[in-house]
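Trainee: next come a sequence and a model predicted from it.
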Amino acid sequence: MNISREFVDHLYKIKYEILPEAARDRAKYFLLDFLGVTICGTSADSSKVFYNFISKNASHDGPCTIIGSSLKTSPADAALVNGGIAHAIEMDDVTTRSSLHPGVSVMPSSLAMSELHSTNPKHLIEAIVAGYEVTNRIGNAVNAKSHYARGFHPTATCGTFASSITASKLLGQSIDVMANALAIAGSQASGSMQYLDNGAWTKRFHPGWSAHSGIYAAYLAENGFIGPSDILGGESGFFAAYSDDATPEFLTEKIGEYWEICETGIKPYACCRFNHASVDATINLCKENNLFAEEIDKVEVRVPKTSELLVINPEDKKRNPKNIVDAQFSLHYAVAVSILKRSAGLDEFSDEYISSKDFEPLIHKIFCFGDEEMDKEFPEKWQANVKIITKKGNYETHQSYPKGDPKNPLTWDELIERFHLMTSKVISREKSNEIVEKVTSLESLGSTTELIELCSFEC
């Protein structure tokens, strides 16, 4: 059986009219969140490199908007920059089961292709929903633990497949051409976790390149280029080559019975998702019991053992972050700032705060452990247990689902408030309100261009 073709058969049939209201709603919900984190990310140092690169090396007479710039360029190059900017602040949407960020590859590809074709907004919504089906389901099947252990970044690898499908749908391709686009995308699926070694910016590059590559795959398929027959399930296909413990049947498990976009969450904190339950638990303990750093003797944090690879080890490095990426992937640091600042936002994960060393005395009192029992419930539960030992007593709490998880979600009102907060230093409140209005009433717009052009401005 060709599982890749079976999967494409499902994706091809996704139309706005058949989608439940919950899936349509989440497409707009995550679109607004994507625009918020991207607009916020325009000021990052790595984003300035993307802008300079496009300014010097790409076409400036294309049809597609680069968010935070007045430049227009080709769909693939716009997707590259917008995906890279969106991932800069580490606050883009996230999945639990597949442990990846779907929006940063799906949205740049969808927006670029819809702007090129002045797409009916309903077609944009169906492309976004299809993209989340691809990213998340391939991520579920490849097995996040094994994929990470082999050094791959699933946001990058799975995002390439997703971009090819969103581009294909917005090009109106036949089912055979769509299958070929997915197949071609497989030879471009890449993304190394080696960025953890020195706080490299390549993690931010990954989703942009995925979006870019998927668009190229769709165009190659459109022109008759031939890809492998079963890129996902074949003997040397994605699951066999990128995992030691893949479960290919997860690709089509209960397909059509639920929608992966409804299983996706928001990241309230500017750090790795593995840290979020610990941040919630720590802030709650400190606020409820009026705890302050100077009275703390020791903090013990337990999280699923899978977390060790990204946020606990090596311990010396996690206690001594040298840059923003180091801090984003340090559980010790996340807990320290949660105690000190009662927050874990962009201010806490900034070069200025890291260089202040304000956290240094406290971080050496924080001890983090991977828990094998918790791992049995991962990735369904990204939980944490935090115990704070002080001179006046011991305080302990457990967080089963971090804020923003589908089982503990942000409301629309909370999401809109978050959007305004993230965009407040970049655009006016008037423009911010206008973007919110366009997204929430997306289906009523004459064209997606009405929304996308609002994001064309000089930082």
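Mentor: In hand now; what should we look at? Bear in mind the structure is a predicted one, so any value in this text is a computation, not a measurement.

Trainee: so what are the domain limits for this protein?
Mentor: For the chain, automatic domain parsing gives the domain ranges 3-268+417-455, 273-399.

Trainee: next, the distance between the ends of the shortest one.
Mentor: Counting by C-alpha to C-alpha, to the nearest Å, you get 13 Å between the two ends of domain 273-399.

Trainee: the longest one now?
Mentor: Distance between the two ends of domain 3-268+417-455: 39 Å, counting by C-alpha to C-alpha.

Trainee: shift numbering so it begins at 19
Mentor: All right, first residue 19 from here; so that's domain 21-286+435-473.

Trainee: circling back: out of the domains of the chain, deepest packed?
Mentor: Of all the domains of the chain, domain 21-286+435-473 has the most neighbours on average by mean count of other C-beta atoms under 10 Å, namely a mean of 22. Every C-beta, even on glycine, is put in place using the N, C-alpha and C of the backbone.

Trainee: disregarding residues adjacent in the polypeptide, which is nearest to residue 129?
Mentor: Distances taken as C-beta to C-beta, 6 or more residues apart in numbering place residue 470 nearest to residue 129, at 5.7 Å, with adjacent residues excluded.

Trainee: contacting residues around the strand or helix carrying the one you found?
Mentor: Assigned by DSSP states H and E, residue 470 falls within helix 467-470. The contact list for helix 467-470 (C-beta atoms under 8 Å, 6 or more residues apart in numbering) reads 83, 129, 132, 133, 136, 139, 453, 456, 457, 460, 463.

Trainee: could I get those as CSV with secondary structure?
Mentor: Below are the contacts of helix 467-470 laid out as CSV (DSSP: H, G, I helix; E, B strand; the rest coil):
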residue, secondary structure
83, strand
129, helix
132, helix
133, helix
136, coil
139, helix
453, helix
456, helix
457, helix
460, helix
463, coil
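
Trainee: closest one of the residues you listed to residue 194?
Mentor: Nearest to residue 194 among the contacts of helix 467-470, counting by C-beta to C-beta, is residue 132 at 22.8 Å.

Trainee: from what I can see that closest one touches residue 466, true?
Mentor: Yes. Look at residue 132 against residue 466 with C-beta atoms under 8 Å: they come within range, at 4.3 Å.

Trainee: what's near enough to touch the residue lying closest to residue 214 once chain neighbours are set aside?
Mentor: The spatial neighbour of residue 214 that comes closest, neighbours along the chain excluded (C-beta to C-beta, 6+ apart), is residue 347 at 6.2 Å. Listed by C-beta under 8 Å, 6+ apart, the contact partners of residue 347 are 214, 289, 290, 328, 329, 336.

Trainee: farthest pair within these?
Mentor: 214 and 289 (13.4 Å).

Trainee: distance-wise, check the residue nearest to residue 129 relative to residue 111.
Mentor: 19 Å (C-beta to C-beta, to the nearest Å).

Trainee: same question for residue 419.
Mentor: For residue 419, the distance to residue 111 equals 15 Å [C-beta to C-beta].
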